[in-house]
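Engineer: Please work out how this folds:
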Amino acid sequence: MRLLLLPIGVLGLVLSACSDGDDATTITIRDLAFEPADVTIASGDAVTWEWEDGSTEHSVVGFDFKEPPKADGSFEHTFDEVGSYDYSCSIHPSMTGRITVEER
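Structural biologist: Model (predicted):
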């Protein structure tokens, strides 16, 4: 009986990792780059940008979201609408990325 419960328990853990919203994706700001720069998420999910580039200031600027320049901390934005959202650092024009939002 125990042997049958182990696979079922593992399956339960895998299924519990899949949720219906409030999922978060993290983009790290490091070495004058967004890592990863391009991500795909489901509508209703959040993206968190985390500053890990020492004392170098960066911003996160998109069409309907903006975090002013800073050297540490984080910024989170929830994407409710399906579409593509380009973003960049206003200080470093070569730092760009895209959030692609798909239907859940």
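Engineer: Could you list the low-pLDDT ranges of the protein?
Structural biologist: Judged by pLDDT under 70, the chain has its weakly predicted residues at 1-22.
Engineer: What segments of it are helices?
Structural biologist: Remark: helices assigned in the chain by DSSP state H are 2-16.
Engineer: Just list whatever residues bridge to T78.
Structural biologist: Taking DSSP bridges, one finds A46 as the beta-bridge partners of T78.
Engineer: what's near enough to touch it?
Structural biologist: For T78, the contact set (Cβ atoms under 8 Å, 6 or more residues apart in numbering) comprises 44-46. (C-beta placed from N, C-alpha, C; glycine too.)
Engineer: Can you tell me which of the residues you listed are buried?
Structural biologist: 44-45 (16 or more other Cβ atoms under 10 Å).
Engineer: Please identify which of the contacts of T78 is nearest to A71.
Structural biologist: Proximity of the contacts of T78 to A71 (Cβ to Cβ) peaks at A46, which lies at 22.4 Å.
Engineer: From I27, how far out is that closest one?
Structural biologist: As for A46, its distance to I27 is 11 Å (criterion: Cβ to Cβ, to the nearest Å).
Engineer: got it, and H77?
Structural biologist: Taking Cβ to Cβ, one finds H77 at 11 Å from I27.
Engineer: So for the two, which residue has more residues nearby?
Structural biologist: Between H77 and I27, I27 has the larger neighbour count (other Cβ atoms under 10 Å), namely 22 against 17.
Engineer: Going by neighbour count, list what's buried in stretch 52-65.
Structural biologist: If you call a residue buried by 16+ other Cβ under 10 Å, then stretch 52-65 has these buried ones: 53, 57-60, 62, 65.
Engineer: Do me a favour and get the end-to-end distance for it?
Structural biologist: Terminal residues of stretch 52-65 are spaced 20 Å apart (Cα to Cα, to the nearest Å).
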